[in-house]
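>>> sequence unknown, structure follows:
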């Protein structure tokens, strides 16, 4: 009995000290099965989340339809189509939109300011500016 225990103990001690480990003949097969199981779990997880995202997208689309909201991509596509439609026959680049308060509106404001100033001038001076 002592011999069997000491033989087993020395065998384990040899492994701990850096000796040769026992080669498992099925190690490659086990590793391959483990990798396949991991791949299969990953595919199942991706399928699960793809299904959940599809359900969410259906719900989102229902809300968009109910409230008349457009997707960001749809808005960008419509804006691009509008720009292309405006520039369809043009050989030059499309005109930039004039922000409010710029361009022709300033000239009208200047005229109205001038008219306002003239109204407050005495009569003879008004006649000079009107001519």
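Received, thanks. This structure is a prediction, so every number in the text was calculated from the model and none was measured. Numbering: from 1, shown residues only.

>>> okay, CA-based contacts and neighbour counts for the rest of this
Fine.

>>> following the lengthiest helix in the chain, which helix or strand comes up?
In the chain, with assignment by DSSP state H, the single longest helix is helix 27-67. Where DSSP states H and E defines the elements, the next helix or strand beyond helix 27-67 is helix 72-86.

>>> who does that following helix touch, helix- and strand-wise?
Using 3 or more C-alpha pairs under 8 Å, 6 or more residues apart in numbering; DSSP states H and E as the contact test, no helix or strand touches helix 72-86.

>>> Average pLDDT for the longest helix of the chain, rounded please.
For helix 27-67, the mean pLDDT works out to 95.

>>> Residue 61: neighbouring residues, count only.
For residue 61, the neighbour count with other C-alpha atoms under 10 Å is 15.

>>> Residue 85 versus that one, what's the distance?
To residue 85, residue 61 is 28 Å away according to C-alpha to C-alpha, to the nearest Å.

>>> in whichever helix or strand residue 127 is part of, what's buried?
Assigned by DSSP H and E, residue 127 falls within helix 123-130. For helix 123-130, the neighbour count (16 or more other C-alpha atoms under 10 Å) marks no residue as buried.

>>> who touches that helix?
118, 119 (C-alpha atoms under 8 Å, 6 or more residues apart in numbering).

>>> For it, give the mean pLDDT please.
Confidence for helix 123-130, expressed as mean pLDDT, is 71.

>>> try stretch 113-120
76.

>>> Now it: buried residues?
Buried residues in stretch 113-120, defined by neighbour count with 16+ other C-alpha under 10 Å: residue 118.

>>> pLDDT score for residue 95?
61.

>>> who's in contact with stretch 33-42?
Counting by C-alpha under 8 Å, 6+ apart, no residue sits against stretch 33-42.

>>> Use 23 as the first number for this chain going forward.
Yes, from this point I'll number from 23; that puts the last item at stretch 55-64.

>>> So which bits of it are buried?
By neighbour count on 16+ other C-alpha under 10 Å, the buried set for stretch 55-64 is empty.
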